[in-house]
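Visitor: My questions are about this predicted structure, shown below with the sequence.
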Amino acid sequence: MTENVILIRYAEIHLKGLNRPFFERKLEHNIRHALHDIDHKIRNESGRIYAVGISDTQLDTAAQRLTKVFGVHSVSIAVSTEKSWESVKQAASELMSREIQDGKKHTFKVFAKRADKKFPMTSEEICRELGHELLESFDNISVDIHTPEIKVGVEIRDKAIIYTNEIRGAGGLPVGTSGRAALLLSGGIDSPVAGYMIAKRGVELSAVHFFSYPYTSERAKDKVIDLAKIVSEYAGEIRLHVVPFTEIQLTIHERCPEKETTLLMRRLMMKISQKIAEKDGALALITGESIGQVASQTVEALCCTDDAVTMPVFRPCIGMDKMEITEIAKRINTFETSIIPEEDCCTVFVPKHPVTKPVLQNIRESESLVDFEDMIEKAIADSELIICKP
Ligand code: ATP
Ligand code: MG
């Protein structure tokens, strides 16, 4: 039987030795989730996963979604057919005729892998014979072994698999294989990128967003929900906690030294996030900070922020400049949403001259001017949980 399938190659999983079945199961689970509303079946055969039984009209959508699943190295929409030379030739010819529909000249090369050594031709013979066969059948094509436009792949496994495309996947490790962390998610460019990068290492995400109504609007909150949904296309379901922060912010503003207000606000955000993280079973915090980007991100300031919590804080953007972060934001499609102009609670009540070289002891003393405990508990109790998925 000849059928259209999606061939899914996995990324780093092959490195994982005895844990491999665990990683594979997670990956398959995440693949099923990505295709939840598309009829399909998953087959796992010797180091390859296949999505089969997908209708022709949904193949492209399904392939596109699979490129966003962490752990996937690349995908190909392929033809699966019997392991006979005739079937291989026929499938390759059909795929080639689709590739050259534009009537222009094209170059190609055949790549073959013979996992089933009982197949009577070696990989080299398959390449040579099929190349020859295609040259005979089509006028407008020639072989280019160095930079072919069309790569014809043939894999002889349980079935013969033939394809002419390979779409790069997101790479990384399947989400759910490395624990959970809580992302401090603002509406800016950096924090969605930070969440993406940590999820790429297999980490499940919770997210915490602080909003200061009426200083920040409902629209600003909706923007953050939209960002979490975009990140969830990669990271899977995100538990987004929206925390009312107005009372704490106003109190800091009224009672603490003006030049330290941003830093104190950052410390309180961290404390609240750690408590929410603990409830969600998250073991670390994630922020979009990058050294020196603003006054609260100098090394001295970051030390003061870290001092507020005991959990490790992951900052994957720490060594990147804005351009590098922006490139990733564009690639993962969060950029356009991030640049919609809305207030963030970090941008209201900004001190005119924030400290850039804060002294930890002074910051701790300023914080102790106010007993924040009840306000922290109230903010957590009044927070709203939104489950974000694509
Ligand atoms: P971003 O582009 O991610 O907003 P930024 O360059 O604007 O970052 P800051 O506003 O100083 O930097 O924020 C630093 C980090 O603090 C953010 O990356 C984010 O992790 C966290 N953060 C800032 N504002 C909020 C908020 N309103 N809710 C949750 N986290 C926030
Ligand atoms: Mg910001």
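Guide: Thanks, I have it. Ligands and ions are numbered 1, 2, ... in the order given.

Visitor: Below-threshold pLDDT in this structure: ranges please.
Guide: 12-16, 345-348 (pLDDT under 70).

Visitor: ok and the residue in it nearest ligand 1?
Guide: G188 (2.1 Å; Cβ to the nearest ligand atom). C-beta here means a position set from N, CA and C on the backbone, and glycine is covered the same way.

Visitor: for ligand 2, what are the nearby residues on the stretch 151-300 of the chain?
Guide: Residues of the stretch 151-300 of the chain lying close to ligand 2 (Cβ under 5 Å from the ion) are 186, 188.

Visitor: Strands of the stretch 151-300 of the chain, residue ranges please.
Guide: Using DSSP state E, counting those that start in this stretch, the strands of the stretch 151-300 of the chain run over 160-163, 167-168, 180-184, 204-211, 238-244, 284-286.

Visitor: As CSV, these with mean neighbour count would be great.
Guide: Formatted as CSV, the strands of the stretch 151-300 of the chain follow (neighbours: other Cβ atoms under 10 Å):
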stretch, mean neighbour count
strand 160-163, 26
strand 167-168, 12
strand 180-184, 25
strand 204-211, 26
strand 238-244, 22
strand 284-286, 24
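
Visitor: Pipe those into a markdown table and attach distance to ligand 1 per row.
Guide: A markdown table is the format used below for the strands of the stretch 151-300 of the chain (distance: least, Cβ to the nearest ligand atom, whole Å):
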| stretch | distance to ligand 1 |
| --- | --- |
| strand 160-163 | 39 |
| strand 167-168 | 26 |
| strand 180-184 | 3 |
| strand 204-211 | 4 |
| strand 238-244 | 8 |
| strand 284-286 | 7 |
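
Visitor: does any bit of stretch 303-315 sit next to ligand 1?
Guide: No. Stretch 303-315 lies out of reach of ligand 1 by Cβ under 6 Å from any ligand atom, never closer than 8.4 Å.

Visitor: Span of that stretch from start to end?
Guide: End-to-end distance for stretch 303-315, by Cα to Cα, to the nearest Å: 13 Å.

Visitor: Tell me the buried residues in that stretch?
Guide: 304-306, 308-309, 311, 313-315 (16 or more other Cβ atoms under 10 Å).

Visitor: what do you get for stretch 24-33?
Guide: Result for stretch 24-33 [16+ other Cβ under 10 Å]: buried residues 24, 26-28, 30-31.

Visitor: hang on, the earlier thing: put together TSV for the strands of the stretch 151-300 of the chain, with distance to E373 on each row.
Guide: Shown next, in TSV, are those (distance: least, Cβ to Cβ, whole Å):
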stretch	distance to E373
strand 160-163	60
strand 167-168	49
strand 180-184	20
strand 204-211	17
strand 238-244	15
strand 284-286	20
